[in-house]
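>>> This is the structure alone, sequence omitted:
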């Protein structure tokens, strides 16, 4: 199932007001904005920030060679590693976050339809993981996990945000893992996917 709505204009406005490198008193509750949703699941602004800035953290060091400046807001600088050089780094990372969120929500909806839920041991593992992060945060001088996440990601990403994102990720991973071991696509399935996603096949890689 496809995501019902992506309200990217609203997200861009929010992230223009709050940056990961300029800490200020929180003026906007990101969790009060719904950015994307399906029939049974939704992504609020804080969750979107988690996914987007997770990509920033993963690729920032490499992308500095392409003009990315971590001291500036993502919306204030253009990307030099895309065909469209007018695209901002915010738009660059937002496209990555959109695609990932699309996959997560689609998988979670499929899991819902199939009656797949997280097992008790999976829920316990996530709870213990969050507790360990909280303890490590305090040990390293942070007031709590909220403060650490706010510094690493962006103001508004909290422990609750982190838990919701991890639960969504784990459910999608669990479903896809089960699905991949039982699904055997036919030639017709593969042809249909190719026809519906031509952009994934019509590429040239020049070395």
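Yep, it's here. The model shown is predicted, which means the values in this text are computed figures rather than measured ones. Numbers count the residues shown, from 1 in each chain.

>>> Relative to the whole chain's centre, how far out is the longest helix anywhere in the chain?
Criterion DSSP state H: the longest helix present in the chain is helix 89-114. On the basis of Cα atoms, centre = their mean, to the nearest Å, the separation between the geometric centre of helix 89-114 and that of its chain is 7 Å.

>>> how about the following helix or strand past that helix: buried residues?
Where DSSP states H and E defines the elements, the next helix or strand beyond helix 89-114 is helix 120-139. Burial within helix 120-139, assessed by neighbour count using 16 or more other Cβ atoms under 10 Å, is assigned to 126, 130, 134, 137. Using the backbone N, CA and C atoms, a C-beta is placed for each residue, glycine as well.

>>> Check stretch 79-99 too.
For stretch 79-99, by 16+ other Cβ under 10 Å, it's 79, 87, 88, 89, 90, 91, 92, 93, 94, 96, 97, 98.

>>> For those, give me CSV that also has distance to residue 47 and pLDDT.
Shown next, in CSV, are those (distance: Cβ to Cβ, whole Å; pLDDT from 0 to 100):
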residue, distance to residue 47, pLDDT
79, 24, 77
87, 23, 82
88, 21, 85
89, 20, 86
90, 17, 86
91, 19, 85
92, 19, 85
93, 15, 87
94, 14, 87
96, 15, 87
97, 10, 89
98, 13, 89
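
>>> Summarise which helices and strands the longest helix of the chain is packed against.
helix 8-17, strand 34-37, helix 45-63, helix 159-182 (3 or more Cβ pairs under 8 Å, 6 or more residues apart in numbering; DSSP states H and E).

>>> Could you list every helix and strand in contact with the second one?
Yep, that's strand 34-37 we're talking about. strand 5-6, helix 8-17, strand 42-44, helix 45-63, helix 89-114.

>>> Quick check: mean pLDDT of it?
For strand 34-37, mean pLDDT rounds to 88.

>>> List the strands paired with it, with their directions.
In the sheet containing strand 34-37, its partner strands are strand 5-6 (antiparallel), strand 42-44 (antiparallel), by DSSP bridges.

>>> before we move on, what SS does residue 80 have?
Here residue 80 is recorded as coil under DSSP: H, G, I helix; E, B strand; the rest coil.

>>> pLDDT weak spots in the chain?
The model of the chain has pLDDT under 70 over residues 1-27, 81-85, 179-186, 189-190, 193-194, 196-207.

>>> tell me the centre residue of it?
Geometric centre of the chain, nearest residue: residue 51, 2.3 Å, by Cα atoms, centre = their mean.
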